[in-house]
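Trainee: the following comprises the amino acid sequence and a computationally predicted model.
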Amino acid sequence: MAQSSALRVIGRRLLQAAPVIVLATFIVFGLVKLLPGDVAVTLAGDNATDQRIEEIRRIYGLDRPFLVQYGAWLWKAVQGDLSQSILSGEHVVTSIARCFPHTLLIVAMALALALIVGVPLGAAAAARPNGLIDRATMTLASVGIAIPNFWLAMILVSLFALRWNIFPATGATAFSASPSDAIYHATLPALALAAGGMAEVARQVRGSLLDIMGSQFVRTLRAKGLETSTILWRHGLKNIAVNLLTVTGLLFNRLLAATVVVEAVFAIPGMGGLIVHAAIQRDFTVVQGVVFAMVVVVILVNLVTDVLCAAVDPRIGR
């Protein structure tokens, strides 16, 4: 039954993925076209003749109608060909393969920190509603959500990199080259990203646990003499597993989007820097390729989240 539920979830998600990919890439493709300037003029050079500019447009297909350009790109993209950078000539897949690991490491570390800190804080707050720990946790959660990631990133750089020289201020190391050095460089960016995630997880866990603690089966457990801490950790967290998985999946996607700003602060050669540089240079093939890759990642994360939720609670796949 669990396998059948998971298969139904996968089937539904795959059917929903196609229009999401088309809509997201179509919007970005159109927005890039609306940017001021002409990429053909950039490629041809400042002193190029009109004939040379038109030749560049024909070579790269820039003279074709918008829908034809988009359709040709999308057909190649679904086959795994994201074209080449118009400016550098590098394959977009190669650029993504070089940059994505840096972004993924930061997001993974931030997500791990958010769960490791947020879940115990939320559980401790739910154990004694309106108590000192509960009020302090909710206050910190409100502050964590309100603080912008880029501002916190600059504060962390000022303190831990420039003043105390504990962590590097900029740059990144490939995880495959040196895992310890890669984690060392990614620590401050991950902390800057994780602050809001910790707060969100703590609030969600607290709210879900309070609902569970007020249910009939918890009152029965109390009547049997079980302590609040035992009920909370052994039974409460088990019953909010689906909610926690859903929050984790949504948080991963938000962290992935937020890395654009954080990577700029720490000068990390990740997906954020890649797409920002490409957008400024009007290198629309790179922009489209990065957006396509990010959308696919988000869809895969949602798919994995739904499958795990269906495995925990088979009723979800019905």
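Mentor: Arrived safely, thanks for sending.
Trainee: helices of the stretch 51-200 of the chain, start to end?
Mentor: 66-78, 92-127, 132-146, 149-156, 179-213 (DSSP state H, counting those that start in this stretch).
Trainee: can you pull the poorly scored residue ranges out of this structure?
Mentor: 1-6, 37, 46, 314-318 (pLDDT under 70).
Trainee: domains for it, by residue range?
Mentor: Here the domain assignment for the chain is 2-78, 92-280, based on automatic domain parsing.
Trainee: deepest-packed of those domains, please.
Mentor: Most buried of the domains of the chain by mean neighbour count (mean count of other CB atoms under 10 Å) is domain 92-280; its value is a mean of 18. All C-beta atoms are positioned from the backbone trio N, CA, C, and that covers glycine.
Trainee: can you give me the first-to-last residue distance of it?
Mentor: 16 Å (CA to CA, to the nearest Å).
Trainee: next one: stretch 71-88
Mentor: 23 Å.
Trainee: how about Ala39, nearest residue that isn't a chain neighbour?
Mentor: One correction, residue 39 is Val, not Ala. Arg282 (4.5 Å; CB to CB, 6 or more residues apart in numbering).
Trainee: helix/strand/coil for the one you found?
Mentor: coil (DSSP: H, G, I helix; E, B strand; the rest coil).
Trainee: identify the residues contacting it.
Mentor: Residues near Arg282 by CB atoms under 8 Å, 6 or more residues apart in numbering: Val32, Leu35, Gly37, Val39, Thr42.
Trainee: if you set the cut-off to 10 Å instead, what comes out?
Mentor: 32-33, 35-43, 86-87 (CB atoms under 10 Å, 6 or more residues apart in numbering).
Trainee: measure how buried the closest residue to Ala77 other than its chain neighbours is and give me the count.
Mentor: Leaving aside its sequence neighbours, Ala77 sits nearest to Phe292 (CB to CB, 6+ apart; 5.3 Å). For Phe292, the count of nearby residues is 22 (other CB atoms under 10 Å).
Trainee: correct me, but Phe292 touches Val92?
Mentor: Yes: at 8.8 Å, Phe292 and Val92 qualify as touching, with contact defined as CB atoms under 10 Å.
Trainee: stretch 47-65 spans what distance, first to last residue?
Mentor: So stretch 47-65: terminal residues 27 Å apart, CA to CA.
Trainee: just stretch 142-155 next, same as before
Mentor: Terminal-residue distance, stretch 142-155 (CA to CA): 19 Å.
Trainee: contacts only, for Val78.
Mentor: Val78 neighbours (CB under 10 Å, 6+ apart): Ala18, Ile21, Val22, Phe292.
Trainee: narrow those to those in strands?
Mentor: Counting by DSSP state E, no part of these is found in strands.
Trainee: burial count for the nearest residue to Ile96 once chain neighbours are set aside?
Mentor: Nearest non-adjacent residue to Ile96, counting by CB to CB, 6+ apart: Ala293, 5.2 Å away. For Ala293, the tally of surrounding residues (other CB under 10 Å) stands at 22.
Trainee: can you pull the contacts of Ala293?
Mentor: Ala77, Leu82, Val92, Val93, Ser95, Ile96, Ala97, Cys99, Phe100, Met271, Leu274, Ile275.
Trainee: what of Thr173?
Mentor: By CB under 10 Å, 6+ apart, the neighbours of Thr173 are His102, Leu105, Pro179, Ser180, Asp181, Ala182, Ile183, Tyr184, His185, Ala186.
Trainee: please report how far Gly61 lies from Leu43.
Mentor: From Gly61 across to Leu43, the span is 13 Å (CB to CB, to the nearest Å).
Trainee: surely Met294 is in contact with Asn253?
Mentor: Yes: applying CB under 10 Å, one finds Met294 in contact with Asn253, separated by 9.3 Å.
Trainee: list the residues that contact Thr246.
Mentor: Here Thr246 is in contact with Gln204, Asn302, Thr305, Asp306, Leu308, Cys309, Ile316 (CB under 10 Å, 6+ apart).
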